[in-house]
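here is the input, now give the coordinates:
(chains A and B)
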Amino acid sequence: MAQPQAARKPEEGYDSGALTTARAGKPTDWLVGWKSLFWGCALVMGANVFLWFWDYKFAFTAGLNSASREFTLYYRTLFWGELIVLGVFTGIWYGWLIRTGRELKTQPFSRAEEVRRIAVLWSIIGVTSLSIYIEASFWPNWDGAWHQTLVRDTALTPTHIPMFYFFFPLSVVLALGAYIYGNARIPALYSSDKGFPWSFFLLIAAAVLECMEVAFNEWGHSLWISEEFFAVPFHWPFVVYGWLAGGMFAVWGETILRLYEIEKAEEEATTQRPGREHAVAD
Amino acid sequence: MAATPMSAAERQRRLELRALLNKEYKWIDRKWDLVFWVTAIFVVAGAADITKQLFAGDWDFWTDWKDPQWWPVVTAFATIIIPSALQYIQWVAWRFPTGATYTAVCFFMAAWVGRFFQWNIAESYPLNFVWPISTVCAAIILDWLLMKTRSFILTSLIGGPIWALLVWAFNYIPMAPFLQPVHFMNHVLTVSDVQGITYIRSQTPEYLRHIERGALRSFLGETQYVSLVFGGTMAVLGYWIGQFIGRYLAVWPIRRYIKTL
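Numbers count the residues shown, from 1 in each chain, chains lettered A, B, ... in the order given. Modelled structure (predicted):
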């Protein structure tokens, strides 16, 4: 596999100690490579639990009439709050990914470090998977229950606000963030000189399409039918996003293949020079 | 007895396979398997549930929509798509005939979480009015068919109609009590009809109901069977949509790149 020059040709005599990233333990230990999975899932679930309880408490008391003062207080505020939180999170996370990614691109790294980075990528993908479940199953259930029983008078309904305007864009942020992470840190698969991977194209397209379908959905409900028939044809594009998320399996597949390549390179290197760990040079 | 050349080759192949099976890697351990199988639950559950909800959700949300005409057709089509995709992925990757069952279990859990927390707790609908269907039994049979035939074509042609039949049959058991006749306001209705009248759905008025519609009712006792046969045909179609997802959206893109200019 082609690698950036810095990664392909580490300095002569570069020992494993110099190439590791000063993280204790194996790269696949739960609290090393997989730490991001637990933190990420905890944050997403925390947000989900908060939003569920918010709706449970206020949906029927403040969410029925979008012209009311209570609605503005509890729901328009929530809507803007979500967008601000998501925007700030995205800015900080992407800023950190891009800034540190530029530095890392020029530095050599060991095979152990690449394995750890793949574990982190899997962690981000795992969090994306959780977000996709929440936006595709958890909240649509409440949205169905809400819309089939109560008259809608706004696109910012109590169930839309968490689902359409938080978890939908969150999935875009996570999927794109996973690619940005891989682009700088796993160059053997995702460096820019290889082109854009179809796997991430499909995964990101899925999340983006979902956000665009929100507009179509609201337009359809305002033009054709304000009532809720869940199998109505203008809902069908929502389904396509679930299918395009199949790209996630391609991300898993290509990183698994990469892991085997790393193992093979490590095995060959150990056979040649036992006791030393080398930078990836395949 | 002296070993034949074939058996020696076979023995050698088995030894190589056993060595591969017992090979110890430095970094590839069971954590990768665990993370994959657990985190994939969410995307699979989400994809299966959204596909079912937006193609056939209305027939699954309420007992009074589970009719003999539309329910067997739309449900069979909508619920086989993602199991088929996972069947392809797991068969190609590991020769596991488990993809449909894995999906059905994920879908079952997601559907029940949704019905319990959202429909029951949040909106106060009783669970015996809004319980979701299960596709687990049909999925086990679909996986068994793939294991025996080792052919996606045969699995689709045989498994599609069987899927439609089994999804209906296994869910007819919990449905049957709600089809019992009751005398309600001088009319003979079913228990599920009474549930539909009792629990108000102001945004799903009667004119939107797609149940028991059309001339198929003139088929009298045959209605159910005509629907099941057509449902089986639609399930074959749904199976190949799932195959498309598995082949071209999940497996084909592995290590393929959109070329830059």
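
just the helices in the stretch 1-150 of chain A please.
Applying DSSP state H, counting those that start in this stretch to the stretch 1-150 of chain A gives helices spanning A:5-8, A:16-19, A:35-62, A:69-71, A:77-105, A:111-133, A:139-147.

tabulate the ones you listed (TSV), appending mean pLDDT, mean neighbour count and distance to B:Arg255.
Where you see a C-beta, it was placed from the backbone N, CA and C, and this is true even at glycine. TSV is the format used below for the helices of the stretch 1-150 of chain A (pLDDT from 0 to 100; neighbours: other Cβ atoms under 10 Å in any protein chain shown; distance: least, Cβ to Cβ, whole Å):
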stretch	mean pLDDT	mean neighbour count	distance to B:Arg255
helix A:5-8	42	16	18
helix A:16-19	41	14	26
helix A:35-62	97	16	24
helix A:69-71	97	14	50
helix A:77-105	97	14	21
helix A:111-133	97	25	14
helix A:139-147	94	24	33
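
next, format those helices as TSV and append distance to chain B.
Converted to TSV, the helices of the stretch 1-150 of chain A look like this (distance: least, Cβ to the nearest Cβ, whole Å):
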stretch	distance to chain B
helix A:5-8	17
helix A:16-19	12
helix A:35-62	6
helix A:69-71	18
helix A:77-105	16
helix A:111-133	3
helix A:139-147	3
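
include distance to B:Val251 when you put the ones you listed into JSON lines, please.
Listed next are the helices of the stretch 1-150 of chain A as JSON lines, based on distance: least, Cβ to Cβ, whole Å:
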{"stretch": "helix A:5-8", "distance to B:Val251": "28"}
{"stretch": "helix A:16-19", "distance to B:Val251": "34"}
{"stretch": "helix A:35-62", "distance to B:Val251": "24"}
{"stretch": "helix A:69-71", "distance to B:Val251": "47"}
{"stretch": "helix A:77-105", "distance to B:Val251": "28"}
{"stretch": "helix A:111-133", "distance to B:Val251": "16"}
{"stretch": "helix A:139-147", "distance to B:Val251": "27"}
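
quick one: which of those helices is nearest B:Ser7?
Nearest to B:Ser7, of all the helices of the stretch 1-150 of chain A, is helix A:111-133, at 40.2 Å by Cβ to Cβ.

can you give me the distance of B:Ile211 to B:Trp65?
Distance, B:Ile211 to B:Trp65, by Cβ to Cβ, to the nearest Å: 6 Å.

so what sits against both of these two?
Common contacts of B:Ile211 and B:Trp65 (Cβ atoms under 8 Å, 6 or more residues apart in numbering or on different chains): B:59, B:71.

higher neighbour count, those two?
Set B:Ile211 next to B:Trp65 and count neighbours by other Cβ atoms under 10 Å in any protein chain shown: B:Trp65 wins out with 20 against 16.

secondary structure class of the spatially closest residue to the more buried one that is not a sequence neighbour, three-state.
Among residues not flanking B:Trp65 along the chain, B:Trp59 sits closest, at 4.7 Å (Cβ to Cβ, 6 or more residues apart in numbering or on different chains). Secondary structure, DSSP: H, G, I helix; E, B strand; the rest coil: B:Trp59 is helix.

could you do the one 10 residues further on as well?
Classification of B:Gln69 into helix, strand or coil gives coil, according to three-state DSSP.

quick check, pLDDT for it.
Looking at B:Gln69, its pLDDT is 89.

quick one on the thing from earlier: B:Phe230: which of the helices of the stretch 1-150 of chain A is closest?
Of the helices of the stretch 1-150 of chain A, nearest to B:Phe230 by Cβ to Cβ is helix A:139-147, at 25.8 Å.

which strands and helices sit next to the closest one?
Other helices and strands packing on helix A:139-147, by 3 or more Cβ pairs under 8 Å, 6 or more residues apart in numbering or on different chains; DSSP states H and E, are helix B:30-61.

what's the angle between the following helix or strand past the helix it packs on and helix B:30-61?
For helix B:30-61, the following helix or strand on the C-terminal side (DSSP states H and E) is helix B:71-94. Angle, helix B:71-94 to helix B:30-61, by axes from the mean of the first three to the mean of the last three Cα atoms, to 10 degrees: 170 degrees.
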